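Peer 1: Here is the input, now give the coordinates:
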Amino acid sequence: MDLNHIISLIKEEVPKKAIDLAESLELLKETVSDTINEIHQKSNEAFQERDISKRNELNQLIDQIILLESEFKIYLKADYTNMTK
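Peer 2: Residues are numbered from 1 along each chain as shown. Just a heads-up that it's a prediction; the model follows:
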């Protein structure tokens, strides 16, 4: 069963939960983006302080988060439209 079919069934059977899922995934997307931005700022601060080890560590963390983000992007692109409360 593909993701769009699952979402269609959720929207049909429990539309309020489909709305909750859509809102939760949007919050996850925003939170991941904010997290990456904050870590990036800390990486820049480490660079300014010439703490290259810390900068590299933070950049590796960003890389790992971006990989995770790409894994759940499919869920963020799913069609949660046309839902009613």
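
Peer 1: for the chain, which spans come out with low pLDDT?
Peer 2: Applying pLDDT under 70 to the chain flags the ranges 1, 78-85.

Peer 1: Could you pull out the strands in it for me?
Peer 2: With strands called from DSSP state E, the chain shows none.

Peer 1: top helix in it by residue count?
Peer 2: helix 15-48 (DSSP state H).

Peer 1: Would you mark the buried spots in it?
Peer 2: For helix 15-48, a neighbour-count test (16 or more other C-beta atoms under 10 Å) marks A18, I19, L21, A22, L25, V32, K42, S43, A46 as buried. All C-beta spots, glycine's among them, are computed from the backbone N, C-alpha and C.

Peer 1: Hmm, the fifth one is touching L76, no?
Peer 2: Yes. Between L25 and L76 there is a contact at 5.5 Å, judged by C-beta atoms under 8 Å.

Peer 1: Roughly how far does D2 sit from L27?
Peer 2: 24 Å (C-beta to C-beta, to the nearest Å).

Peer 1: Which residue, other than its chain neighbours, is closest to the spatially most central residue of the chain?
Peer 2: Geometric centre of the chain, nearest residue: K29, 3.2 Å, by C-alpha atoms, centre = their mean. Counting by C-beta to C-beta, 6 or more residues apart in numbering, K29 lies nearest to L76, which is 5.4 Å off, once chain neighbours are set aside.

Peer 1: mind listing what the one you found touches?
Peer 2: L25, E26, L28, K29 (C-beta atoms under 8 Å, 6 or more residues apart in numbering).
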